[in-house]
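Novice: Take this sequence and fold it.
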Amino acid sequence: MPSIATKRYPRALYQAMILPSGSPVPLPSAPHVDLRLPGLIAADHFPVVALSGVVDGSENDSAAASVTASILKERLEDELRGRHGISYDVGFGGASIRLGQSMPVVWADGHDDKWQVVVDTLWTALKTLADDGPTAEELDHALAVARAELEDPRAIAGWLVFQAARTLNGREPRTRQEQAELERTLDAATIQACAQQMLDTALLLAPDARVHLDDVPDITEDDPPTSDPIDGHLYRRKVLAIAPRDLAVRVSDQGISVTARGVTGRVDWSDTVGVASAPGVRGIIASDGRQLSLIAKCLRDGDEMLAQIDGYTSGLAFDADPDEILA
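Specialist: Numbers count the residues shown, from 1 in each chain. The predicted structure is shown next:
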């Protein structure tokens with residue numbers, strides 16, 4: 001296989017990916033949803049223990065975040081799969097959440113009676129990495145894994161998605177050679193600083209309400225953010241609908257609000273950046289990433305409600321799978 005030093009994606013490929021002419025649509029800018037971080041949320045419907053964090057950085061933020069998460073994954077595999085024998089699915093991923101910020105994620109499955117061990121191991125692995133940094137062997141191995149992934153032809157689709165995300169974030173596409181050179185600049189101090197940022201902004205999800213961490217507040221029962229309902233046309237829940245009893249949707253020319261289980265979510269049309277659309281279902285997406293999901297059959301005059309939404313959000317709709325909208 002040719003090395004990435006001699007084989008790079010041709011510039012013609014990037015030229016073929018240029019968007020149609022016209023002014024680019026600016027990315028929405030909104031504050032993050034207010035959460036106490038670091039924090040722990042424990043609920044029975046989570047299938048794994050997962051940890052995410054927010055990493056601020058410059059041009060190498062995504063590379064540092066990915067290598068940091070890779071090292072954490074290796075530590076978890078050694079402990080949970082190798083030593084304890086309680087985890088099979090151990091992995092990592094991440095996303096660019098805004099310009100200059102990445103959100104690495106690490107997860108591991110486990111046994112129903114061993115979730116505390118999984119949580120303790122994950123938190124200790126991150127704390128140790130933040131306190132002491134990676135060993136030379138860990139860093140060399142993580143960089144070798146990253147290089148192998150760059151050379152793997154099966155990763156082309158993922159690489160193009162990565163470049164599309166960079167374009168949407170206002171950055172120039174990057175060749176694999178440029179990515180490799182960037183990763184070679186990563187040192188132990190950079191990874192340690194990245195781990196510290198993850199520690200400070202960590203959100204832990206656990207599938208057992210009995211799980212706890214002494215130095216991480218449990219925010220499971222924190223009141224979710226709520227808003228004032230829109231002053232608009234009211235759509236109530238159908239009597240026989242499988243939905244919260246207090247379900248109520250209000251729509252006006254200003255926006256939409258959905259009340260369920262005592263909490264009201266509201267999105268103004270001026271703050272709407274997209275509408276996921278499927279037959280009988282809509283997902284209203286706000287600039288801060290929140291989504292209000294609506295099912296017409298759960299509400300009286302639900303089809304009329306969807307028609308109102310479509311009228312106010314003309315040009316923002318895109319086709320989507322209904323299961324994805326409601327996930």
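Novice: What residues sit buried inside stretch 78-95?
Specialist: Glu79, Leu80, Ile86, Ser87, Val90, Phe92, Gly94 (16 or more other C-beta atoms under 10 Å). Where C-beta positions appear, they are placed from N, C-alpha and C, glycine not excepted.
Novice: partners of Ala276 in the sheet?
Specialist: When bridges are called by DSSP bridges, Ala276 pairs up with Gly283, Phe318.
Novice: Excluding chain neighbours, what is closest to the residue nearest to the spatial centre of the chain?
Specialist: Nearest to the geometric centre of the chain sits Ala95, at 6.0 Å (C-alpha atoms, centre = their mean). With sequence-adjacent residues excluded and distances taken as C-beta to C-beta, 6 or more residues apart in numbering, Ala95 is closest to Met103, at 5.4 Å.
Novice: again with Trp107
Specialist: Ala50 (4.0 Å).
Novice: Correct me if wrong: Val263 contacts Thr226.
Specialist: Yes: in this structure, Val263 is within contact of Thr226 by C-beta atoms under 8 Å, at 4.8 Å.
Novice: In this structure, which residue sits furthest out from the middle?
Specialist: Outermost residue of the chain (C-alpha atoms, centre = their mean): Val239, 35.5 Å.
Novice: Now do the same for that one: helix, strand or coil?
Specialist: When classified by DSSP: H, G, I helix; E, B strand; the rest coil, Val239 comes out as coil.
Novice: What does the pLDDT read for it?
Specialist: Per-residue pLDDT puts Val239 at 93.
Novice: likewise the one 3 residues further on?
Specialist: Listed pLDDT for Ile242 reads 91.
Novice: Which neighbouring residues are in contact with it, exactly?
Specialist: If you count contacts by C-beta atoms under 8 Å, 6 or more residues apart in numbering, Ile242 has them with Cys298.
Novice: how near is the closest residue to Tyr312 other than its chain neighbours to Asp319?
Specialist: Counting by C-beta to C-beta, 6+ apart, Tyr312 lies nearest to Trp269, which is 5.2 Å off, once chain neighbours are set aside. Distance, Trp269 to Asp319, using C-beta to C-beta, to the nearest Å: 20 Å.
Novice: neighbour-wise, which of these two wins?
Specialist: Trp269 (16 against 7; other C-beta atoms under 10 Å).
Novice: just checking, the more buried one touches Gly255?
Specialist: Yes: between Trp269 and Gly255 there is a contact under C-beta under 8 Å: 5.1 Å.
Novice: Kindly confirm my reading that Leu234 is in a strand.
Specialist: Yes: counting by three-state DSSP, Leu234 is part of a strand.
Novice: How much space separates it from Glu304?
Specialist: Distance from Leu234 to Glu304, by C-beta to C-beta: 12 Å.
Novice: still on that earlier bit, the residue nearest to the centre of the chain: what secondary structure?
Specialist: Classified using three-state DSSP, Ala95 is strand.
Novice: gap between it and Leu129?
Specialist: Taking C-beta to C-beta, one finds Ala95 at 20 Å from Leu129.
Novice: and what of Ala108?
Specialist: When Ala108 is compared with Leu129 (using C-beta to C-beta), they lie 15 Å apart.
Novice: quick one, strands of the stretch 101-250 of the chain?
Specialist: 101-108, 203-206, 233-236, 248-251 (DSSP state E, counting those that start in this stretch).
Novice: Please tabulate these in CSV, including the columns distance to Asp120 and mean neighbour count.
Specialist: As requested, the strands of the stretch 101-250 of the chain are exported to CSV (distance: least, C-beta to C-beta, whole Å; neighbours: other C-beta atoms under 10 Å):
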stretch, distance to Asp120, mean neighbour count
strand 101-108, 12, 23
strand 203-206, 11, 24
strand 233-236, 47, 17
strand 248-251, 42, 21
